[in-house]
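Q: return atomic coordinates for the entry below.
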Amino acid sequence: MRNAYGNLIIASAGYVPGYFFTIYFVEKLGGRWIQIQGFLICALMFAVLAGDYGNLGTAPKFVCFAIAQFFFNFGPNTTTFITAAEVFPSRVRGTAMGLSAAIGKLGAILSALLFNYLSGPTVIGLANVLWIFFACNLLGAILTFFLLPETTGKDADVVDFEEWQAQNDKSLARAAHDHTAGKKGVWKLLASMIPRGGE
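A: Just a heads-up that it's a prediction; the model follows:
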């Protein structure tokens, strides 16, 4: 029961406000920036906890966990599904989002299963597990910086249309080249496409 109360307090102090901050700031700051700073602050909190976990009192641990939970949600917990909805073009959005969600859930399941086992004193200990979390957050920030496009203000359907338009432009250019090769100029090709008189 005490654990349940503690989780409820941390969720109220971190999880819920983090979501509201993301909702308010995502169009102002951009999802990519929010995700990077979320990863980095969480990495910092895990480094603090891992570095001196045995000597930290209850209040400092609570503050570190609450800040980490806040920046999980004012960060990658929220932006990963917002970005997935915005970055994938509509023709593959359902499949790509499903695949992204499945990989995310696989990571959550593995961490939940391995946490208790690895944090035992006879395996690697809690501090080392927290260092692993630190490394994962740092890696997430680096990958986000180098691989994730900013999607704020962009419409995936517009990107779809632009790709479709570029493909049609290539087809038109190919047709023009074929006509030119057949001793028929591009201008004649375009002229032949214009209706004349009663046509």
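
Q: tell me where this structure has helices.
A: 2-10, 16-29, 31-51, 58-73, 76-87, 93-118, 126-147, 156-181, 186-192 (DSSP state H).

Q: just name the most buried of those helices.
A: Across those, averaging neighbours per residue (mean count of other CB atoms under 10 Å) puts helix 31-51 on top, at a mean of 21. C-betas here are computed from N, CA, C, even on glycine.

Q: which helices and strands does that one pack with?
A: helix 16-29, helix 58-73, helix 76-87, helix 126-147 (3 or more CB pairs under 8 Å, 6 or more residues apart in numbering; DSSP states H and E).

Q: what's the closest of those helices to Gly98?
A: Judged by CB to CB, the one of the helices and strands packed on helix 31-51 that comes nearest to Gly98 is helix 76-87, at 9.5 Å.

Q: contacts for that closest one?
A: Helix 76-87 has contacts (CB atoms under 8 Å, 6 or more residues apart in numbering) with 18-19, 22, 26, 31-32, 34-35, 38-39, 42, 93, 96-97, 100-101, 104, 140, 144, 148-149, 151, 154, 156.

Q: can you give me the mean pLDDT across that helix?
A: Across helix 76-87, pLDDT averages out at 85.

Q: tell me where this protein is predicted with low confidence.
A: Residue ranges of the chain with pLDDT under 70: 156, 171-199.

Q: roughly how far does the spatially most central residue of the chain sit from Leu49?
A: Using CA atoms, centre = their mean, the residue of the chain that lies closest to the mean C-alpha position is Thr80, 3.2 Å off. As judged by CB to CB, to the nearest Å, Thr80 and Leu49 stand 23 Å apart.

Q: cool, and Tyr19?
A: In terms of CB to CB, Tyr19 sits 23 Å off from Leu49.

Q: likewise for Ser12?
A: Per CB to CB, Ser12 is found 20 Å from Leu49.

Q: quick one: contacts of stretch 2-10?
A: 62, 65-66, 69.
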